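Student: Dropping the sequence and predicted coords here.
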Amino acid sequence: MAAATATVSAPKQKKTREPLFSKRRLKQNWQLYILILPAFLSFLIFSYIPMYGILIAFKDYVPTLGIWGSPWVGFKYFKQFFDSYYFWDLIRNTIGIQVYGLIVGFPLPIILALALNEMKDGFWKKFAQTVTYAPNFISIVVMGGMLIAFLDPSTGIINHALGFFGVKPIAFMSDPKWFKTVYVLSGVWQGTGWGSVIYLAALAGVDPSLHEAAIVDGASRVQRIWHINLPAIVPTMVILLIMNVGSLFSMGYEKILLLQNPLNMSSSNVIATFVYSQGLINGQYSYAAAVGLFNAAINAVLLISVNAIARRVSENSLW
Amino acid sequence: MTNTNHLIKDTKADRVFKVFLYIFIFLAVAIVVYPLVYIISASISSPQSVNSGAMWFFPKDITWEGYGVILKYKDIWRGYGMTIFYTVTGTLVSLILTIPCAYAISRPDFSGKKWFTSFMLVTMFLNGGLIPTYLLIRNMGMIDTVWAIILPGAASVYNIVVTRSFFQSSVPWEMQEAAKIDGASDFQIFFKIVLPLSAPIIAVMALFYGVGIWNSYFSALVYLQNKALYPLQMVLRQILVLQDMQQGAATGANVTASAAQAAYDKATLAAIIKYGVMIVSSLPVIIVYPFLQRFFVKGVLIGSLKG
Amino acid sequence: MHLSKVVKGLGITALAALALAGCGKKNDSGGSATAKNDAKVATSGFPIVKSKMSMTLMAPSMGEAEWKDMQVLQDYAKKTGISLKYNTPPNSDFGTKLNLAFASQDLPDIIYAAGTANLTPANEVTYGEQGQLVALEKLIPKYAPNLNKLMKEDPSIAKSITTPDGHIYSLPMLSRGSTSAWYIGPLWYNGEWLKNLGVTELPKTADEFYDLLKRFKTEDPNKNGKADEIPLSDVKLDASRWWLMSIFGLLTNDVQNNGDKVFYTPISNQYKEYLTYMHKLYEEGLLDKDTFSQSDDQKKAKGKADRLGVFQDYYSLFTTGRSQSEAMSDPMWQPLTSSVSKKAVVPGNPRISRGNFAITKNNPSPAAALRWVDYFYSPIGAAYLASGPEGLLWKYETNKAGEKVRVYADGINSENAEEKRSKITPDYGLTVPKLSGSDAKGEAEYKYAIRPSADASPIDDFTKFINSETAKKIDPYATVPFPLIYLTKAEQDSVSATANDLKTFVTQSEAKFITGVTPLSDWDKYVKTIEGMNVKQYVKVYQTAYDRWKSAK
């Protein structure tokens, strides 16, 4: 670690360390370099080349002048965002929805995968699997339409059911209190089965001889799940948790836009929808870029901290 | 561990466990199934009974009009063809980018591992945004071609990291090391030892990518002009989004009778085919899944070890 | 240490990006687009150009047909000598595509039927100043004689389409005719319910309106024995707000001019009255509880189930699903007075919708493009655009009076005419640049209308009904809320953030006050918040813009 820090502060000391692409290393690993080459090129071309567009956030983007030629405005658009009436609303909502989603949505696929893994192979297992993943294929456009229909205060099926138990109709879609729940639970409905696929794949790799040995030792099923299956998927869990926490600030806007209305705006207006409406609807490219960049900065800080924590508590981390 | 009664006790505990297990699975399945049944029933019920809430489980006022219209809706079927093409080609490209790369960075002895991981991770946070990306695609001459749909975004950092994690946890490094000592090259290890063990992750990745492509429309929206190249979701979205457009059209300060009429007709049509379209558009993916599912069967690892 | 690596990685690739990005900057230096080919453009008659010319045109598509297959456009291309290549994204995505075209400089030669939702006044000013759009005012007298004539007759047209820098960057659709004063589709009463309750006189005041809604709620006007009536419904109030606010003398929920004084309506006392009234309706179940959450088809389903008493739509039959002859018993809503508005008013349409035809700097001949569109600003040209040349939809026949009139072509009737029309012309469901309708009264207004037979009247009964309702209930009360103005770039910069915040906050608060989530006792707090958003500056800017509009000749 010390060596790396030194590299940054005093590049001349580099000679003391073997360079990244030294002849020896390239020779030793060249075939592995070939293996990453396609992905490397893909990221280089489609992600890195357009990155100069970040400059838009610091400029007053005039298309005829191009990104380079547009005048610099420094942090003008960042300031405009921080001063905006909606700044804190946006932050609160973004974090609120995502954390809620993580708490509810993260453990469920694990539980489901462990449960499915315990079922005997055969029709019912296949059936249960096939059914639980199905919602994932429903596109968000369809999902939005379904939610609006199901949750309608007077005609929706959910409120019919609540009425059966004597509960008064709830205006799910127009009550800001309910927005986060609707958003998160519908996401859970859609994603749990699918989320379990990745854990099932990991569970498929568990060596059956471990279970055989444990049975001989008299371990109960719960014990075997706890001591054999769970540890087998812990690396996957940690990675996924890191990715999820790291992407707290990178939520998509499409589903929210579909569910948004003026009444629930106070809890449904998030950074992503804000960037979308400023950039693509209002044509305020520079403002949108500034808000997006601010978002990315928080994102980076988050992921880097979570990764550091993950490394400390377990051996698994992203890098 | 030396409990002599363990046999009897464990069976009892296991039985309780089993009951809970099946209740849990049953509930999960029921929660998922109901809305799907609702959509199916709604697709063959009259729009009137669906919107008024009269239809709630079994179809009511059964009508096949919706499917009839869908069958004759050329755009849907053309979009279907394009989506299948995008999904198959796109998934293939994505796998070619993902699997080898993920394997390389899973190797503890790969010197470029950390550097490349960082290289990828940066792209999760920073992107130039729509305009520079669009300019790039245009300068590469890919506007209005299928490549604009397939190539950008073909590699997902998320999926590469997940795949890497699979290689690390499920393909024993000792096995590869042994092969290396026996003189196998990295290519040989990858193609001869690792790939045959990777069926589960390849299946999962094919699904992840495939479904993503199947449901996406944004790049089509941005990069395509020729409607013959539109994927199904673009068509679907038009049918479902135009539902709300009626309202938008009526809100515009300058509406003509023909605009109002057009919007009204669209909304009526959409109400008829909406649920049918949801089903038709999701069906193929749901049909394909069970074929991939068999890869998850336990023992892939043992099987290949023996072989 | 890991962060440092990330940064290093970024450094390397940023270099690569810099090197490669150079190719992104193409020869986009075009500024003043004075056309080179204009000399060859005929100033009258067809063809417009002698040697064939090709242009690209971008327009929103309604999805009915491919534009290249539309017979009216094909015929017009032959007529003019200008062939067009079409780029027609779906209507719902057009705004995104257009913004992208501007931002990436991937511009078509002509932007057609975009409308102010997509080619906003702010865009016109911005892109005009940047030289992306061609200024048209110098070309109009020579190459757009029809439009020029209209502009001479009505000076408000030029005032409304000229940006502060003195240029005209886009041409409007000009609406004339019996219903052109409609600001938006009207509110309609359920005529059957009125009959069942024996109501013969429509309410004229806010209180009478309230009483009638109350009766709708309690007296089972749909005679099904269930209390399932919803007296008043809408989707998010987006469409009926304008009529309901007018009860309290307000024409918009933004800036409005009272005489020459500009004021911001959502903090006015009248607006508070509006909210109080609407809250009362909501509380007592007279305003649909689903107003802020339902979708349009859910509202329509209620209409079809005969559960709605008052609702907004272009024609009442679009909500009720009834026939035209039945819809003639649904009376149009009569403007109301209230304690704060003694004289009934309703918002009126400026009859100009901007942003519908713009020529970009890429255009090889702006003059030819202008000639191309100008034909549609003549009554005969507009009719040509709407229903094509003879033989497609209609043919000439001579009636008893010896006049040559248009009747449906073989195989076409009033039932399938619109569907056929949607396939042959872009003038279906879009606001296209043209002169729409005529100010002539009576049958003369329908000079080019297609009749079922040579001796039939060009006006059907339903149209007559709509026209007479409009003449009685809208025309006498209609007032344009605020003239069509442009803000300068500097003015835009100073209010754009405020405008966004205000718009969101006002619609949000409106819903909250009406549903009672926020009690009306919080009114002062609400006003304070709005004042905190710098509304003073906002009003000042609009006052300046108004004065500029007023003093323009």
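Tutor: Okay, I see it. Numbering: from 1, shown residues only, chains lettered A, B, ... in the order given.
Student: element containing C:Leu232, please.
Tutor: Following DSSP states H and E, one finds C:Leu232 within strand C:230-233.
Student: and if you look at C:Ser51?
Tutor: Using DSSP H and E, no helix or strand contains C:Ser51.
Student: do stretch C:257-274 and chain A meet at all?
Tutor: No: Stretch C:257-274 stays clear of chain A (CB under 8 Å from any CB of the partner chain), getting no nearer than 13.3 Å. (Each C-beta comes from the backbone N, C-alpha and C, glycine too.)
Student: avg pLDDT for that stretch?
Tutor: For stretch C:257-274, the mean per-residue pLDDT is 95.
Student: before we move on, what about stretch A:202-209?
Tutor: 80.
Student: How about stretch B:279-291?
Tutor: On average, stretch B:279-291 scores 76.
Student: by contact count, what packs against the helix or strand just after the strand holding C:Leu232?
Tutor: Beyond strand C:230-233 in the direction of the C-terminus, DSSP H and E gives the next helix or strand as helix C:241-246. Using 3 or more CB pairs under 8 Å, 6 or more residues apart in numbering or on different chains; DSSP states H and E, the elements in contact with helix C:241-246 are helix C:269-283, strand C:346-347.
Student: does any bit of the next helix or strand after helix C:241-246 sit next to chain B?
Tutor: The element immediately downstream of helix C:241-246 (helix or strand, assigned by DSSP H and E) is strand C:255-258. No: Strand C:255-258 lies apart from chain B when judged by CB under 8 Å from any CB; the minimum separation is 14.3 Å.
Student: same thing with stretch C:408-418?
Tutor: Yes: applying CB under 8 Å from any CB, one finds stretch C:408-418 touching chain B at C:Glu418.
Student: Buried residues in that stretch, which are they?
Tutor: Within stretch C:408-418, the residues that count as buried by 16 or more other CB atoms under 10 Å in any protein chain shown are C:408-409, C:412, C:417-418.
Student: now swap in stretch A:127-141 and tell me
Tutor: A:128-129, A:131-141.
Student: what about the stretch 1-150 of chain B, any weak spots by pLDDT?
Tutor: B:1-10, B:51-53 (pLDDT under 70).
Student: who in it is up against chain C?
Tutor: Counting by CB under 8 Å from any CB, the stretch 1-150 of chain B comes close to chain C at B:47-48, B:51-52, B:75, B:114-115, B:118-119, B:121-122, B:126, B:130-132, B:134-136, B:138-139, B:143.
Student: and chain A, which of the residues you listed contact it?
Tutor: Near chain A, by the rule CB under 8 Å from any CB, you find B:51-52, B:114-115, B:118-119, B:121, B:126, B:130-132, B:135-136 out of the residues of the stretch 1-150 of chain B next to chain C.
Student: Is it possible to get JSON lines of those that adds secondary structure?
Tutor: Below are those laid out as JSON lines (DSSP: H, G, I helix; E, B strand; the rest coil):
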{"residue": "B:Asn51", "secondary structure": "helix"}
{"residue": "B:Ser52", "secondary structure": "coil"}
{"residue": "B:Lys114", "secondary structure": "helix"}
{"residue": "B:Trp115", "secondary structure": "helix"}
{"residue": "B:Ser118", "secondary structure": "helix"}
{"residue": "B:Phe119", "secondary structure": "helix"}
{"residue": "B:Leu121", "secondary structure": "helix"}
{"residue": "B:Leu126", "secondary structure": "coil"}
{"residue": "B:Leu130", "secondary structure": "helix"}
{"residue": "B:Ile131", "secondary structure": "helix"}
{"residue": "B:Pro132", "secondary structure": "helix"}
{"residue": "B:Leu135", "secondary structure": "helix"}
{"residue": "B:Leu136", "secondary structure": "helix"}
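Student: And those residues, which is closest to C:Asp522?
Tutor: B:Asn51 (35.5 Å; CB to CB).
Student: OK, contacts around B:Val29?
Tutor: When contacts are counted by CB atoms under 8 Å, 6 or more residues apart in numbering or on different chains, B:Val29 is found next to A:127-128, A:131-132.
Student: Kindly recompute the last result at 6 Å.
Tutor: A:128, A:131 (CB atoms under 6 Å, 6 or more residues apart in numbering or on different chains).
Student: again with A:Asn29
Tutor: By CB under 6 Å, 6+ apart, A:Asn29 lies in contact with B:110-111.
Student: State the mean pLDDT of the helix or strand hosting it.
Tutor: Using DSSP H and E, A:Asn29 sits within helix A:23-43. The average of the pLDDT scores along helix A:23-43 is 87.
Student: Restricting to C-alpha, output that helix in PDB.
Tutor: Taking C-alpha atoms only, helix A:23-43 is exported to PDB below (Å, rounded to 0.1, in the frame of the first residue of the first chain):
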ATOM      1  CA  LYS A  23       7.600  -7.400 -20.500                       C
ATOM      2  CA  ARG A  24       7.700 -10.200 -18.100                       C
ATOM      3  CA  ARG A  25       4.200  -9.700 -17.000                       C
ATOM      4  CA  LEU A  26       2.800  -9.400 -20.500                       C
ATOM      5  CA  LYS A  27       4.700 -12.500 -21.500                       C
ATOM      6  CA  GLN A  28       3.500 -14.400 -18.600                       C
ATOM      7  CA  ASN A  29      -0.200 -13.400 -18.900                       C
ATOM      8  CA  TRP A  30      -0.600 -12.500 -22.600                       C
ATOM      9  CA  GLN A  31      -3.400 -14.900 -23.200                       C
ATOM     10  CA  LEU A  32      -5.300 -13.500 -20.300                       C
ATOM     11  CA  TYR A  33      -4.900 -10.100 -21.700                       C
ATOM     12  CA  ILE A  34      -6.300 -11.400 -25.000                       C
ATOM     13  CA  LEU A  35      -9.300 -12.700 -23.000                       C
ATOM     14  CA  ILE A  36     -10.100  -9.200 -21.600                       C
ATOM     15  CA  LEU A  37      -9.400  -7.400 -24.800                       C
ATOM     16  CA  PRO A  38     -12.900  -7.500 -26.300                       C
ATOM     17  CA  ALA A  39     -14.400  -6.200 -23.000                       C
ATOM     18  CA  PHE A  40     -11.600  -3.600 -22.700                       C
ATOM     19  CA  LEU A  41     -12.300  -2.200 -26.200                       C
ATOM     20  CA  SER A  42     -16.000  -2.100 -25.500                       C
ATOM     21  CA  PHE A  43     -15.600  -0.100 -22.400                       C
END
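Student: ok, and for it, which residues are buried?
Tutor: A:25, A:29, A:32-33, A:35-36, A:38-40, A:42-43.
Student: Most tightly packed of the helices and strands packed on helix C:241-246?
Tutor: Ranked by mean neighbour count, those are led by strand C:346-347 with a mean of 26 (mean count of other CB atoms under 10 Å in any protein chain shown).
Student: ok, it near chain B or not?
Tutor: No: residues of strand C:346-347 are not located near chain B by CB under 6 Å from any CB of the partner chain, the shortest gap being 8.8 Å.
Student: neighbouring strands for that strand, and are they parallel or not?
Tutor: In the sheet, strand C:346-347 lines up against strand C:478-479 (parallel) (DSSP bridges).
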